[in-house]
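J.: missing the sequence, but the structure's below:
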């Protein structure tokens, strides 16, 4: 066998091993959140630490370096399969990221991160930014240094964006987010001034947890979520996790005073899960057997949550079912009134509770702040004031304290700068995909009305799911929609929908 | 630092790593049995394979060999802690076991094992011994070869016994099991001929699963099982698994037509779990943080199942509670009648369904067969006939087919020869411990009557649990009871109890 072919084989063996460790790590994380005994936390963390270290060692081993060099040489590229080549490119990216940072600094950074999350949690609960400030300053400092080690093209923030959304740059986002912001301002104003606000009281009446669970299971089934390759559990923060394509688990949260948490949460996580359940088995055991970016992942969850779950036709099919599980609070509520209530839009303080119309504004605010932190144009100490000013400017609300303001999100406490934009990109992508899907399945609403969701899933599998990370986000967009990132479709969807709902 | 001290430190580091892997492996096994998605089995098996291989590599690494040599040298033993020394002795035993078998043979053996379990399952369900025979012959052949590689003193079967019950030999077992057999014969006869057989119909009336679960939870709480360090789930085959001392999980099985399955199963597994939850934290992260032998482990589960759970006084405390969860089937059943019913004894075909009086006979039968297989005095092809003859001789029953005869147990299919005796030893140990406990807590029955089980658990923790594998089984017996293995206490317990119950 040639050296290249041997390296190809070895690389796959290394990936299978990494996949095995990651599966164990994934299960331990799932278990920790779904009901692992409380007292086991220290021993569990230690075990997780050992396994993560092994993955890190594999990622950065000399062996890995040599095989990557062989496979990614001109000669190598010509000989190996597309899957090997693209896997190697992914692995090389990780390899370089780790190798370029001095080991000691990386270790310090990791210790800082693990301490910061607890610090942040306390600061948030006490609404005390000052206790978190020193940690945040250090985290920003590390990221700025790392960006220099890693290098960047154009704008230093580009390097961070690339972690979550390869191919996306500040130039692109400035343009796209600028358009989104401009397009949303009249909508926020229109909704705010509208006299056609929906009645929502019935949303908050008692809905027993067990009934919510039963309804959630029915909806997942209708979405074609495969229960032979998954399960639904309860957690404080809902999530979906793919241990492998045949084991993709969903969790949800039940609020007996607001059934929307569980129902829309389940649909959202179900969208993520459909992605991972339908990645091609050709990619099994490689680093490509995963969502291609945070944004594309989010496009799947948001597509199901909003374009399916908040669609009138979807409830034509499911409203009676919901009623049958409820305590009777919807008996005198027309489907029109119900539809309006679940699509209520209003400016609010908290990102994760925001509606689909205002959500992107929360993201753009964070994007602007992160860019400034990385260039040094914004100082950590000024964050609370800047945050509050921007909230007023974007949404017309001002947080009463930092706990519901600048401290609300966990992301920065574990160094995740560059992550937020993916959430808004997910909305934009979802609307673009919907536009293309409408061309292929013009009877979309009718499918929803009939509860026939499998053609929709099959379309998403064909264009998105199956490719895993074999295609980059931009390739998926291009191949499916013929366009690059284009916020117009999201804006016209929101404009049409909310002008009609709020009559302005 | 001296070389020995460095090796001591390195050995602990290796053990912590092994502990981490084992924790992940344990969780994956627990997950696979408690509800992991069916389709994930192949990918899960592959991941498990990788992790197990890592543990094997650590166990047999040159690094391990060097540190063991340093620590277990005369100079080493004098310098290291007792925990290090005893850990090293355990590790050395494993190291030698693996190192003495040629790698290729060991690999073949493992492949054979993994195939045999499926083969056995099919053979059992079709009651077709011949389809399993070739595999079983090969497994026996491997074991015989391994015994020669490993070496033995006295009898070749001793080496296999040593895996599960260190210190126990054929000489000891021939004597002990001979006495047990002799003591049980008149009991089996007495029960068989007795006209005082209990009524048991009410045991088999419908008892809803959810109510059984609620009652099981109450009983675990009363046993002082720590739910902050554990949880109760449902599986086809009940088990207890200690991921670490702060995460010891119990499972049970619900049969709505026989509540005893869940209740006594939970108490049994709860006994195992109390052992693992109460191992001293000094042993954390070492190979000693585990039960010291299968027999001592089984003594804990059987002590709780029989000496507590099948005790009259226990039901004085819990019978009303059971009634409150049941469908009313016990309303007209006196506690006396209930007590007699749950202590029904009769010769039967299946080991795992046997009562406490006849159970040991099932084990002695297997012990005699295993000895013969290892010496070569018994041929695999003759097993069905030998099995059936012995069943008639020991218990007076003959299996209608091999599925409920020689094929009933899984153990041989994964090469576990030498394991069965531990089950009977567990009964013997439990009775010996009970005898000593009676001296320290003479009001045992009264504690049960009052539902005050914590002094009992504390006594077991003091004498058994806390020591983990720091003490060998014989040391625990000697230190606690002043005796070696002594079956007299089990025999007099059974004789007294069943003579009274069956009036003979």
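T.: Ah, there it is. Predicted, not measured: the structure shown is a model, and the values here were computed from it. Numbers count the residues shown, from 1 in each chain, chains lettered A, B, ... in the order given.
J.: residue numbers of the stretch 1-150 of chain A in contact with chain B?
T.: Proximity of the stretch 1-150 of chain A to chain B, by CB under 8 Å from any CB of the partner chain, involves residues A:16-17, A:19-21, A:23-25, A:27-28, A:31, A:35-44, A:46-47, A:49-51, A:54. Glycine gets a C-beta too; all of them are placed from N, C-alpha and C.
J.: look up how far residue A:358 lies from residue A:500.
T.: Going from residue A:500 to residue A:358 by CB to CB, to the nearest Å gives 17 Å.
J.: please apply the same query to residue A:39.
T.: Look at residue A:39 and residue A:358: by CB to CB, they are 42 Å apart.
J.: how far out from the middle of the chain is stretch A:264-274?
T.: In terms of CA atoms, centre = their mean, to the nearest Å, the centre of stretch A:264-274 is found 11 Å from the chain centre.
J.: wait, stretch A:363-383
T.: 21 Å.
J.: show me which residues of it are buried.
T.: By 16 or more other CB atoms under 10 Å in any protein chain shown, the buried positions in stretch A:363-383 come out as A:363-374, A:378, A:380, A:383.
J.: check stretch A:118-132 too.
T.: Quick answer for stretch A:118-132 (16+ other CB under 10 Å): A:119-120, A:123-124, A:129, A:132.
J.: residue A:500 and residue A:358: which is more packed in?
T.: Using other CB atoms under 10 Å in any protein chain shown, the more surrounded residue of residue A:500 and residue A:358 is residue A:358, with 21 against 10.
J.: narrow the residues of the stretch 1-150 of chain A next to chain B to just the buried residues.
T.: Neighbour counting by 16+ other CB under 10 Å classes A:16-17, A:19-21, A:23-25, A:27-28, A:31, A:36-37, A:39-40, A:43-44, A:46-47, A:50-51, A:54 among the residues of the stretch 1-150 of chain A next to chain B as buried.
J.: list the contacts of the residue of the stretch 251-400 of chain A found nearest chain B.
T.: Nearest residue of the stretch 251-400 of chain A to chain B: residue A:284, at 7.3 Å (CB to the nearest CB). Counting by CB atoms under 8 Å, 6 or more residues apart in numbering or on different chains, residue A:284 touches A:244-245, B:43.
J.: sitting in strands, which of these do you find?
T.: Judged by DSSP state E, the contacts of residue A:284 include residue A:244 as members of strands.
J.: and the contacts of residue A:284, which is closest to residue A:155?
T.: Using CB to CB, residue A:245 comes nearest to residue A:155 of the contacts of residue A:284, at 35.9 Å.
J.: which bits of the stretch 351-500 of chain A sit near chain B?
T.: Within the stretch 351-500 of chain A, not a single residue sits near chain B (CB under 8 Å from any CB).
J.: from the contacts of residue A:284, which has minimum pLDDT?
T.: Ranked by pLDDT, the contacts of residue A:284 bottom out at residue B:43 (93).
J.: the residue in the stretch 51-200 of chain A that chain B sits nearest to: what's it in contact with?
T.: For the stretch 51-200 of chain A and chain B, the shortest gap (CB to the nearest CB) falls at residue A:51, measuring 6.2 Å. Contacts for residue A:51 (CB under 8 Å, 6+ apart) come out as A:21, A:24-25, A:28, B:20-21, B:24.
J.: now the stretch 401-504 of chain A against chain B: closest residue?
T.: In the stretch 401-504 of chain A, the residue that lies nearest chain B is residue A:468 (14.6 Å; CB to the nearest CB).
J.: what sits against that residue?
T.: Listed by CB under 8 Å, 6+ apart, the contact partners of residue A:468 are A:279-280, A:283, A:288-292.
J.: about what we covered before: from the buried residues of stretch A:363-383, which is closest to residue A:446?
T.: Taking CB to CB as the measure, residue A:446 lies nearest residue A:363 of these, at 32.8 Å.
J.: so what's the backbone phi/psi at the spatially most central residue of chain A?
T.: Nearest to the geometric centre of chain A sits residue A:298, at 4.3 Å (CA atoms, centre = their mean). When quoted as degrees, to the nearest 10, the phi and psi of residue A:298 stand at phi -70, psi -30.
J.: for the one 10 residues further on, same thing?
T.: Per-residue torsions, residue A:308: phi -100, psi -60 (degrees, to the nearest 10).
J.: now the longest helix seen in chain A: mean pLDDT?
T.: As assigned by DSSP state H, the longest helix anywhere in chain A is helix A:3-34. The pLDDT scores in helix A:3-34 average 96.
J.: other SSEs contacting it?
T.: Packed against helix A:3-34 by the contact rule (3 or more CB pairs under 8 Å, 6 or more residues apart in numbering or on different chains; DSSP states H and E) you find helix A:41-60, helix A:62-72, helix A:74-79, helix A:82-100, strand A:240-244, strand A:247-252, helix B:3-34, helix B:41-60.
J.: those: which one's closest to residue B:229?
T.: Set against residue B:229 and scored by CB to CB, the helices and strands packed on helix A:3-34 come closest in helix A:41-60, at 10.2 Å.
J.: residues of the stretch 151-300 of chain A that sit close to chain B?
T.: A:226-231, A:243-249, A:284-285.
J.: switch the cut-off to 10 Å
T.: Contacts of the stretch 151-300 of chain A with chain B, taken as CB under 10 Å from any CB of the partner chain, map to A:226-231, A:233, A:243-249, A:277, A:284-285, A:289.
J.: these two touch, right, residue A:332 and residue A:205?
T.: No. Residue A:332 is not in contact with residue A:205 according to CB atoms under 10 Å; the separation is 11.8 Å.
J.: who has more neighbours, the two?
T.: Using other CB under 10 Å as the criterion, residue A:332 and residue A:205 rank with residue A:205 on top: 15 against 8.
J.: how much space is there between the more buried one and chain B?
T.: Between residue A:205 and chain B the computed distance is 26 Å (CB to the nearest CB, to the nearest Å).
J.: what's near enough to touch that residue?
T.: Residues counted as contacts of residue A:205 (CB atoms under 10 Å, 6 or more residues apart in numbering or on different chains) are A:256-259, A:326-330.
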